[in-house]
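S.K.: sequence first, then the predicted structure, then my questions.
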Amino acid sequence: MNFSDFTTPHGKRVNKEAFIHLVQVSRTDKKMSEEELDLLHKEGRKFGLTDPEIDELMHTHRSNHYMPPYSFDERFTHLYQIAQMILADEVIKESELKMIRKFAIEAGFSDKNIEKLIELLFRGIKNNESEEALLKEFRKKHLFKD
């Protein structure tokens, strides 16, 4: 496969690295749970990938460098997806928390807001709140406060 971006059926472009980082999160405990694998396939199909293409990406691509998306909304979406992956097996490991914090820092979120952001994402996902509602809540409560 030779592409740098995925395009969702709704025309939203998603950087391939975003998907690769979801794979990284699923591997933090050295094994991928069935729930994590299912979520990776679900997210990959959203990008228009076939199951064999998803499997190939999961087994052949490794990335240690994080290039966050440019827009705030896309960076929030990426962290939302990472939080979903962490919660897929319903067990939050310290290594997963370190990884989401690292991605949040590299995405440019304020040190003062990172823990609040992670709590918001975990709570919202557990309560089946939409990504859009969580983004709106985060913007309202934390975006421009110091």
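M.R.: Sure thing, it's come through.
S.K.: does the closest residue to R123 other than its chain neighbours sit in a helix, a strand or a coil?
M.R.: Residue nearest to R123 in three dimensions, not counting chain neighbours: E129, with 7.9 Å by CB to CB, 6 or more residues apart in numbering. C-beta coordinates here come from the backbone N, C-alpha and C atoms, glycine included. At E129 the chain is in coil, as set by DSSP: H, G, I helix; E, B strand; the rest coil.
S.K.: which residue ranges of the chain form strands?
M.R.: 5-7, 13-15 (DSSP state E).
S.K.: now the first one: mean pLDDT?
M.R.: Pointing back at strand 5-7 there. Averaging pLDDT along strand 5-7 gives 52.
S.K.: just stretch 110-124 next, same as before
M.R.: Average pLDDT, stretch 110-124: 93.
S.K.: hmm, who's touching it?
M.R.: Contact partners of stretch 110-124, identified using CB atoms under 8 Å, 6 or more residues apart in numbering, comprise 79-80, 83, 86-87, 92, 97, 100-101, 104-105, 109, 129, 133-134, 137-138, 141-143, 146.
S.K.: redo that, cut-off 10 Å
M.R.: Stretch 110-124 is contacted from outside by 76, 79-84, 86-87, 92, 97, 100-105, 107, 109, 129-131, 133-135, 137-138, 141-146, using CB atoms under 10 Å, 6 or more residues apart in numbering.
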